[in-house]
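Novice: Any chance you could fold what I've pasted below:
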Amino acid sequence: MLAGVLGRAFADEPMIQWPLGDGASVETITAIFELLYAGPAELGMLWEGGHGEGVAAWIPPGETALLTASDHAAATQYEPLMPDGGVRYRALWDWVESFVPDDVWYLDALAVDSARQRTGIGGTLVRHGLGLAAADGAAAFLETSIASNVPYYERFGFAVIDQGDAPGGGPHVWFMRREP
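Specialist: Residues are numbered from 1 along each chain as shown. Purely as a prediction, here's the structure:
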């Protein structure tokens, strides 16, 4: 169910579409999220909002290696779903991962079904993770490739700390951090 929320919400996300060769179906994106987040879900890193209408993946400090390991373990299953066998995906995400600090609460994904957007579900999920970060005295971190998301996250105290274009003609990405 949560993979479906992610698949629908990220259908137009450049960081998802570009490595999939643009025009990937919601079904393909959902299948990839099912594979990618199986490990984090088992580790309690996914939070549900509303009644299954929203989801956030908050990765605790020191655990980004687990997310990366889960991603690499699932690669043999999702790479065949990509037109180039995952070459663009791996180049993009290796580049993104080089920016992600290990000492932060990392918001890897935030998604809300379109019919429930602007109802507070996303904000509740963001504030939940920020509360976890505050309890640990840790910063929070995220990246986005949608320009209109930047002011949304700024409302929660995030600031752009870096930005750039992913290698090989990939999307523009903003890296944002919120200090404790």
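Novice: could you pull out the strands for the chain?
Specialist: 46-49, 54-59, 104-112, 139-144, 159-165, 172-178 (DSSP state E).
Novice: Between the two ends of stretch 131-143, what distance do you get?
Specialist: Separation of the first and last residues of stretch 131-143 by Cα to Cα, to the nearest Å is 19 Å.
Novice: on that earlier part again, can you check which of the strands of the chain gets nearest to Arg90?
Specialist: strand 172-178 (15.5 Å; Cβ to Cβ). Quick note: C-beta positions are derived from backbone N, CA and C, even for glycine.
Novice: Which elements pack onto the closest one?
Specialist: Here strand 172-178 touches strand 139-144, helix 149-154, strand 159-165, going by 3 or more Cβ pairs under 8 Å, 6 or more residues apart in numbering; DSSP states H and E.
Novice: ok so, going back, would you turn the strands of the chain into CSV with mean pLDDT, distance to Gly85 and mean neighbour count?
Specialist: Formatted as CSV, the entries for those read as follows, by pLDDT from 0 to 100; distance: least, Cβ to Cβ, whole Å; neighbours: other Cβ atoms under 10 Å:
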stretch, mean pLDDT, distance to Gly85, mean neighbour count
strand 46-49, 90, 27, 19
strand 54-59, 95, 25, 25
strand 104-112, 95, 23, 24
strand 139-144, 98, 24, 22
strand 159-165, 98, 23, 12
strand 172-178, 98, 23, 19
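Novice: nearest to Pro80, of those?
Specialist: Within those, the stretch nearest Pro80 is strand 104-112; the backing value is 22.1 Å (Cβ to Cβ).
Novice: The lowest-mean-pLDDT helix or strand in the chain - contacts with which helices or strands?
Specialist: Taking mean pLDDT, DSSP states H and E as the measure, the helix or strand of the chain with the lowest value is helix 64-78, at a mean of 77. Other elements packing on helix 64-78 under the criterion 3+ Cβ pairs under 8 Å, 6+ apart are helix 26-36, helix 38-42, helix 87-97, strand 104-112.
Novice: what angle sits between that helix and strand 104-112?
Specialist: With axes from the mean of the first three to the mean of the last three Cα atoms, to 10 degrees as the criterion, the two stretches helix 64-78 and strand 104-112 enclose an angle of 40 degrees.
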